[in-house]
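In: sequence and predicted model, in that order:
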Amino acid sequence: MNRRLKASQIRLISTLAAIALALPFGWQKLTGLFTWFSPFVMLNTAFVLKSFVLLNLLGVIVLIMSFFRKRWFCRYMCPTGFLCDLASKYNRKSRFSLRKVPFLGRWTALMSLAAAVIGLPLFILLDPMAIFNGFFSLFTENVSAVVVLSFTGLPALIVLSWFFPGIWCVKICPLGGLQDEMADMRNRLINLRESGESGNTVKSKGRRVFIASGAGMLLGLIIPRFLKAPSKRYFRPPSSLPKNLFNTLCIRCGSCIKACPSNIIVHRKDPDDPASWMTPEVTFNNNGYCIEDCNLCSVVCPTGAITQFSREAKQYIFMATAEVHLDNCLLTERIECDRCKTACSYNAITIEFNRNNMISYPLVDSAKCVGCGACAVICPPRTIEMIPVLSICT
């Protein structure tokens, strides 16, 4: 009884901590921290990008713990599982039985990881921590029917667990399925060492891994052919991955949006571009700009869709280019102004003088302009337009 009470208390504390860190409370580098604990997200992104960052160690620790303690993360840390278990608990009258439902979580986990090896994290959006953190992105948006429907994953799982107790956590969740595979791997090694495992059991488990991996790789080869690059040009956060890779790796957790101190990152809601639905998009319409010494969006991104970069490297990361429309520029009307030049921290704007018409005008050096938007925001007549860099906008 004491052991159960202790475990339930830990789960409650973990859930409250996860909720607090998922809300846009200005946590900076800690924003959405619990997403990093998911070994399912960690392995999918590591297989796709063939890279590893320091915070990925949190996922590695959970993976190792799951090897020794079955579903360790589910038992102590998963906030989605805690809320789903509460819903299942309060519907004790349900006659639903889990016995006839196959362990879909194992299949989705294996298929997703196999597909990730060849570049497509097939079921990464089904990760419970991605769904959990995505729900709290509602607090960063103006409430509308479209936005609410886009982030109903967590409430949907809770309702599903109420009608069918335990079905998500036990049978469907890919993170739970991955942990089950780790526990099975340990038991298999123990049985082989101590008494020898029956050939039929080994073949059965090996067959599942072979079929799931083969199906995942096949889908990983086929699906990208149907994913079209977005036709419209728009702004991605600095150091974002190009084209479809960004859309497939981004788990729509909203951590970059919550962490951005300028509030210039929003969810993309273009019905003509469904592949990038609810991914982060930079907008310069909120009287903010991309601060010169800020790299928070890359630090809190748990999948590497926004590649981590240092503050010093930001002057070499091009997001857009400023374009001055001289027709409305105050200088061309012989009104003294150098706000764009003063605001530019990259020395990309100079004031040139035309001796022919005796008029000064601002000139943008595209080799230095990273597209932070400071000049566009401070320009009194708003005559400076930001043009997306082609390499990251498609």
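Out: Sure, I can see it. Bear in mind that the values here come from a model prediction, so they are computed numbers and not experimental data. Numbering: from 1, shown residues only.
In: what is the neighbour count of Arg75?
Out: 18 (other C-beta atoms under 10 Å). (C-beta placed from N, C-alpha, C; glycine too.)
In: swap in Lys368?
Out: Neighbours of Lys368 (other C-beta under 10 Å): 15.
In: check the gap between the closest residue in space to it that isn't next to it in sequence and Pro362 for me.
Out: The shortest distance from Lys368 to any non-neighbouring residue, by C-beta to C-beta, 6 or more residues apart in numbering, is to Ala348 (3.7 Å). Using C-beta to C-beta, to the nearest Å, we find Ala348 at a distance of 10 Å from Pro362.
In: and Cys294, what does it touch?
Out: With contacts defined as C-beta atoms under 8 Å, 6 or more residues apart in numbering, Cys294 is in contact with Cys260, Pro261, Ser262, Arg311, Lys314.
In: the first one touches Val299, doesn't it?
Out: Read it as Cys260. No - with contacts counted by C-beta atoms under 8 Å, Cys260 stays clear of Val299, the gap being 11.3 Å.
In: for the residue lying closest to Phe123 once chain neighbours are set aside, which residues are in contact?
Out: In space, and not counting its chain neighbours, Phe123 is closest to Ser112: 4.0 Å by C-beta to C-beta, 6+ apart. Counting by C-beta under 8 Å, 6+ apart, Ser112 makes contact with Phe40, Asn44, Pro121, Leu122, Phe123, Ile124, Pro174, Gly216.
In: of those, which belong to helices?
Out: Counting by DSSP state H, the contacts of Ser112 place Phe40, Asn44, Pro174, Gly216 in helices.
In: any chance of those residues in CSV, plus pLDDT?
Out: Below are the ones in helices among the contacts of Ser112 laid out as CSV (pLDDT from 0 to 100):
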residue, pLDDT
Phe40, 98
Asn44, 97
Pro174, 97
Gly216, 87
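In: hmm, back to that, who has more neighbours, Cys260 and Val299?
Out: Per other C-beta under 10 Å, whichever of Cys260 and Val299 has more neighbours is Cys260, with 24 against 20.
In: return the backbone torsion pair for that one.
Out: In terms of degrees, to the nearest 10, the main-chain angles of Cys260 are phi -60, psi 120.
In: look up the closest residue to it, ignoring the ones flanking it.
Out: Closest residue in space to Cys260, ignoring its immediate chain neighbours: Cys297 at 6.0 Å, by C-beta to C-beta, 6+ apart.
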